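Enquirer: Fold the following for me, if possible:
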Amino acid sequence: MPCTSKAIPIDAIMRHALLILFAAVIGASSAPNIARAQGLPIIRDAEIEALLQDYAKPIFAAAGFGSGRVTVRVVNNDTFNAFVLDGAHVFIHTGTLMQAQTPNEVIGVIAHESGHIAGGHMAALRARIAKDQTRALLTQVLGLGAMVAGGVSGGSNGRQTAEGGQAIMQGGTNIIMKGLLAERRSQESAADQAGLKYLTATKQSGRGMLDTFERFKQQEYLSEDMQDPFIRSHPLSVERLARLSALVAASPYVNKKDPPSLQLRHDLMRAKLSGYLESPETVFNRYPASDTSLPGRYARAIATYFKGGPGALDSSIKQIEGMIHENPNYPYFYELKADLLMRAGKKARAIPDLRQALKLATGSPLIEVELADALQADGDAGDTKESIDLLRKSLIVDQNGKAYRLLANAYYKQGKAPEADAMIAQAYFYEGNVKQAQIFAKRAQSRLRAGSPEWLKNDDIINYKPQT
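Expert: Reported below is the predicted structural model:
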């Protein structure tokens, strides 16, 4: 059967490029919060973020990133994937965290993505795509001109001219796509080598990184719609995998294992994600009653609450208190108990557990926000003031839309409407909704003291112009 071909519209070409180069192209947005502006379902959790920070900190230091320059964020998606959008964030899917059997597998992924950041790969690809988009458009214009000329002249010569126009369009776009993919493969190989360098510098094995790529190599034989996003955004080749394998084997730390304490935290993270994100039935199948491990009990305690029914909250709390009794210094069991109480509308009861969690996890901005939320429940003036102090402290180190909204609520209670509107403006701006942010910023600015810090922040929002 003869092979037929047709010209590919420019938008189709770029959609295909978006699929393959997701991590690069998505970063072209200049919204205040790039992830939320792109619609990524980011989830925040103090325990998980603390663990990922412990995974990433040595790697980031080895890569030469300054303290606090790069942050790991979790995307609620059950597929295995990780990517970077800019030079400040590594995004990891919940599917990656749940499927990774060991800390070293996740650390390997972070090391690889750090290689992309250190190499400036996303900026380079965005520049290349912008340039090639112009080239593709010129190719389309040339091809379209030839096709129009063929249609006007008619006859056999006209058909040949039109067919020549199609060939120009298709040939030009194929060259562009081949160039993009070649550059992407080159960057992937460079990120592998950089990642392994960081792992060696921190005396960690590259086995986890290799295991991850080997697990997904077989997916290259599947159609694109059946492939995991990881394989599409991280194109593999036999040569690349062989080179990576040789480099891992040559490391003096190839057989080094994760410390048992770190493995336990990893398993607790996976259990927590299962409990919160999967159906109770799935959780009880994954962690049956016969599994008496701490992670197994953790997952079931969460699933018990979400299964619902008479006594579900009490049963879940009893299970959590049993874990607290055995592990009194683990802050996140207290936090879990408080979270379930708050979900059940019992915020006042959650306050002592949140205070203990914050005492054990000193300076955790997310727990500070949770405690502030609980304190605002009864409307007491003293509790409102304490919540404001906690929220302002949390926002120094962690931008959080919920914190801004709670701060707005506290200011409204104190009769400070301009300050409340200013915080709502900050929340919208952080969340990527510039239009709403500017509405509230204008409303707040007219009643704030000119030149004050809040007035200046709102002025920045009012004058912000998203790049197109």
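Enquirer: got any ranges where the stretch 1-150 of the chain has weak pLDDT?
Expert: The model of the stretch 1-150 of the chain has pLDDT under 70 over residues 1-39, 121-150.
Enquirer: in it, which spans are helices?
Expert: Secondary structure of the stretch 1-150 of the chain (DSSP state H, counting those that start in this stretch): helices at 10-20, 22-25, 34-37, 46-62, 94-99, 103-118, 121-153.
Enquirer: Just list whatever residues bridge to the residue positioned nearest the centre of the chain.
Expert: Against the mean C-alpha coordinate of the chain, by C-alpha atoms, centre = their mean, the closest residue is Phe91 at 3.1 Å. Note on Phe91: beta-bridge partners by DSSP bridges are Arg73, Phe83.
Enquirer: Tell me the spacing between it and Val72.
Expert: For Phe91, the distance to Val72 equals 8 Å [C-beta to C-beta, to the nearest Å]. Bear in mind the C-beta positions are built from the backbone N, C-alpha and C, glycine included.
Enquirer: Run a quick neighbour tally on Leu85.
Expert: Per other C-beta atoms under 10 Å, the neighbour tally for Leu85 reads 22.
Enquirer: For it, what are phi and psi?
Expert: phi -110, psi -30 (degrees, to the nearest 10).
Enquirer: was I right about it contacting Phe91?
Expert: Yes: under the criterion of C-beta atoms under 8 Å, Leu85 makes contact with Phe91 at 6.8 Å.
Enquirer: and the residue lying closest to Ala118 once chain neighbours are set aside, what does it touch?
Expert: Spatially, and ignoring its direct neighbours in sequence, Ala118 is nearest to Ala63 (4.9 Å; C-beta to C-beta, 6 or more residues apart in numbering). With contact set as C-beta atoms under 8 Å, 6 or more residues apart in numbering, Ala63 has these partners: 114-115, 117-118, 194, 198.
Enquirer: Closest to Ile324 out of these?
Expert: Ser114 (35.8 Å; C-beta to C-beta).
Enquirer: For Val90, see how far away that closest one is.
Expert: Distance, Ser114 to Val90, using C-beta to C-beta: 7 Å.
Enquirer: Which neighbours do those two have in common?
Expert: With C-beta under 8 Å, 6+ apart as the test, Ser114 and Val90 both reach 56, 70.
Enquirer: Now do the SS call for Tyr198.
Expert: helix (DSSP: H, G, I helix; E, B strand; the rest coil).
Enquirer: tell me, how many neighbours does it end up with?
Expert: A count of neighbours around Tyr198, defined by other C-beta under 10 Å, yields 25.
Enquirer: Who are the contact partners of the closest residue to it other than its chain neighbours?
Expert: What sits nearest to Tyr198 in space, not counting adjacent residues and going by C-beta to C-beta, 6+ apart, is Ala62, at 4.1 Å. By C-beta under 8 Å, 6+ apart, Ala62 lies in contact with 197-198, 201-202.
Enquirer: mind redoing it with 10 Å?
Expert: Ala62 makes contacts with 111, 114, 118, 194-195, 197-202, 204, as judged by C-beta atoms under 10 Å, 6 or more residues apart in numbering.
Enquirer: Isn't Ser274 up against Ala301?
Expert: No: the pair Ser274 / Ala301 is not scored as a contact, 11.6 Å apart, by C-beta atoms under 10 Å.
Enquirer: Compare these two (neighbour count), which wins?
Expert: It is Ala301, of Ser274 and Ala301, that has more neighbours when counted by other C-beta under 10 Å, with 26 against 22.
Enquirer: wait, doesn't the more buried one sit right on Gln319?
Expert: Yes: with contacts counted by C-beta under 10 Å, Ala301 reaches Gln319, the gap being 3.9 Å.
Enquirer: what stretches of the stretch 351-468 of the chain score poorly on pLDDT?
Expert: Residues of the stretch 351-468 of the chain that meet the criterion pLDDT under 70 lie in 467-468.
Enquirer: again, 90 this time
Expert: Residues of the stretch 351-468 of the chain that meet the criterion pLDDT under 90 lie in 377-380, 430-432, 465-468.
Enquirer: Could you pull out the helices in it for me?
Expert: In the stretch 351-468 of the chain, the helices defined using DSSP H, counting those that start in this stretch lie at 365-375, 381-397, 401-413, 417-430, 434-445, 453-462.
Enquirer: out of those, deepest packed?
Expert: Among the helices of the stretch 351-468 of the chain, ranked by average contacts under mean count of other C-beta atoms under 10 Å, first place goes to helix 365-375 (a mean of 25).
Enquirer: Next, the angle helix 381-397 makes with that helix.
Expert: Taking axes from the mean of the first three to the mean of the last three C-alpha atoms, to 10 degrees, helix 365-375 and helix 381-397 form an angle of 160 degrees between their directions.
Enquirer: I'd like the distance between Pro331 and Ala350.
Expert: 14 Å.
Enquirer: Lys457 now?
Expert: Note on Lys457: its distance to Ala350, by C-beta to C-beta, is 31 Å.
Enquirer: cool, and Gln399?
Expert: Taking C-beta to C-beta, one finds Gln399 at 24 Å from Ala350.
Enquirer: before we move on, what about Gly363?
Expert: Distance from Gly363 to Ala350, counting by C-beta to C-beta: 20 Å.
Enquirer: Also Ala88?
Expert: 33 Å.
Enquirer: quick one, which of the two is more surrounded?
Expert: Neighbour count, other C-beta under 10 Å: between Ala88 and Ala350, Ala350 has more, with 26 against 14.
Enquirer: residues in contact with that one?
Expert: Per C-beta under 10 Å, 6+ apart, neighbours of Ala350: 334-335, 337-344, 357, 370-371, 373-375, 377.
Enquirer: Pretty sure Ile110 sits against Ala194.
Expert: No: in this structure, Ile110 is not within contact of Ala194 by C-beta under 10 Å, at 11.9 Å.
Enquirer: quick one, which of the two is more surrounded?
Expert: Neighbour comparison, Ile110 and Ala194: the larger count goes to Ile110, with 27 against 21 (by other C-beta under 10 Å).
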